[in-house]
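Student: The amino acid sequence is not available; the structure is as follows:
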């Protein structure tokens, strides 16, 4: 499904200077710039605003132009709710683990701490499956945070998952509603049992060293590294183990994807299935420049994440030209994004496109937009190369 291109106003020199000054006025950006640098505004930002939708669903995006380091501040981290964020009474809250387990139970946070032992902590880049280059989103439904909590596999080992259990269903305190606004009950999502037991899954209580904010799932949320955001259930209240497919609305109707399979016949085979794990992706987040003699030297900054194997390298192309290697600036663990840059580009006055692509350790390459559209026939899971546009004044 093609996404509409951003509508662009003519980029006059006055507008360019005005936007550059406003952009440079952001405190976070000032700290991210190197001495002597100034930001270069994008011409394809489509009048982007982080606050997309106030409620039902609540949607707020991270402004990637503010990317300054590996950790996304909580106040800028993207938010997506199915409806509104529930206010959970921490004193009365309990987590129930039930179904096909040897020792079901109802647990407080103190119980979970006793069972799981020492808390675990790691960085994980969380991305919404609907993260797109669309003007109002601009790939902003992504962020990297430091998550702290209890090892879910350790807790499940204590409960004893039965061999016949096929799926683990995670229920939140928020509600699922249909297109008419009618509630269907608690929001839930399932994953295969082996995907939980063989993972680094956390029952997270803290984010970036702080108690989970209400909007991010207080008092407890699932963090399942490698999966899109729809699996990271917030305000967690129950984990149910079942011996069949869970068919809640977000499994059976909403978070679906259409993959085109290779076929020898004339017509392609389209596989409709649930969205699951993140795909290999990179983005150009910011471009800055500094005076070099009578001209300018340009620096491109971005991030890369996702995929089935570690990211090995990132490459950048200007105006559709030869791919050139970016330098890797930050590697923060196997679940966190990689930050990269190209430190010295020379660009002439006029319109330019800048595109990045990530390549993993198995040789998989982030697809072009054309290749992505041939393989997926849905708007979600868009990991296509993102072409950014800048205009250098003469």
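Tutor: It's in. These figures come from a predicted structure and were not determined experimentally. Residues are numbered from 1 along each chain as shown.
Student: which residue packs closest to residue 168, ignoring adjacent ones?
Tutor: Nearest residue to residue 168 in three dimensions, chain neighbours excluded: residue 196, at 5.2 Å (C-beta to C-beta, 6 or more residues apart in numbering). Just so you know, the C-beta spots here come from the backbone N, C-alpha and C atoms, and that holds for glycine as well.
Student: secondary structure element for the one you found?
Tutor: Residue 196 is part of helix 193-197, with elements assigned from DSSP states H and E.
Student: Would you mind listing where the chain has pLDDT under the threshold?
Tutor: 1-32, 178-183 (pLDDT under 70).
Student: Spatially central, which residue of it would that be?
Tutor: Compute the mean C-alpha point of the chain, and by C-alpha atoms, centre = their mean the closest residue is residue 127, 1.3 Å away.
Student: which ones are touching that residue?
Tutor: 141, 142, 228, 229, 278, 281, 305, 306 (C-beta atoms under 8 Å, 6 or more residues apart in numbering).
Student: List the beta-bridge partners for it.
Tutor: Assessed by DSSP bridges, residue 127 has beta-bridge partners residue 142.
Student: Quick check: it vs residue 298, distance?
Tutor: Using C-beta to C-beta, to the nearest Å, we find residue 127 at a distance of 27 Å from residue 298.
Student: got it, and residue 387?
Tutor: 16 Å.
Student: just checking, what packs against the helix holding residue 196?
Tutor: Secondary-structure packing of helix 193-197 (3 or more C-beta pairs under 8 Å, 6 or more residues apart in numbering; DSSP states H and E): helix 152-159, strand 167-177.
Student: so residue 205 is in which element?
Tutor: Assigned by DSSP H and E, residue 205 falls within strand 202-207.
Student: ok, residues contacting that strand?
Tutor: Identification of contacts with strand 202-207 by C-beta under 8 Å, 6+ apart yields 74, 77, 95, 109, 112, 116, 119-120, 122, 145-152, 155, 211-213, 216-217, 219-223, 236.
Student: Which strands border that strand, and is each parallel or antiparallel?
Tutor: strand 142-151 (antiparallel), strand 210-211 (antiparallel), strand 221-223 (antiparallel).
Student: Centre of the chain to that strand, how far?
Tutor: Counting by C-alpha atoms, centre = their mean, to the nearest Å, strand 202-207 is centred 17 Å from the centre of its parent chain.
Student: could we number from 36 for the rest of this?
Tutor: Let's use 36 as the start, then, which means that last one is strand 237-242.
Student: who touches residue 424 in this structure?
Tutor: Neighbouring residues of residue 424 by C-beta under 8 Å, 6+ apart: 43, 77, 78, 79, 386, 387, 388, 389.
Student: Write the ChimeraX selection for whichever of the residues you listed are buried.
Tutor: A single ChimeraX command selects the buried members of the contacts of residue 424 (16 or more other C-beta atoms under 10 Å):
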select :77,78,79,387,388,389
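Student: Throw the contacts of residue 424 into CSV and include distance to residue 124 and secondary structure, thanks.
Tutor: Listed next are those as CSV, based on distance: C-beta to C-beta, whole Å; DSSP: H, G, I helix; E, B strand; the rest coil:
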residue, distance to residue 124, secondary structure
43, 49, coil
77, 44, coil
78, 49, coil
79, 45, coil
386, 55, strand
387, 54, strand
388, 52, strand
389, 49, strand
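Student: ok, and for stretch 395-404, which residues are buried?
Tutor: For stretch 395-404, by 16+ other C-beta under 10 Å, it's 395, 399, 401, 402, 404.
Student: contacts for that stretch?
Tutor: 315-317, 342-347, 391-394, 410, 418-420, 422.
Student: how about a cut-off of 7 Å?
Tutor: Stretch 395-404 is contacted by residues 315-317, 342, 344-347, 392-394, 410, 418-420 when judged by C-beta atoms under 7 Å, 6 or more residues apart in numbering.
Student: before we move on, what about stretch 103-114?
Tutor: For stretch 103-114, the surrounding residues in contact (C-beta under 7 Å, 6+ apart) are 63-64, 66-67, 93-97, 101, 158, 163, 175-181, 242-243, 245, 248, 250, 365, 367, 371, 374.
Student: Give the buried residues for it.
Tutor: By neighbour count on 16+ other C-beta under 10 Å, the buried set for stretch 103-114 is 103, 105, 106, 107, 109, 111, 112, 113, 114.
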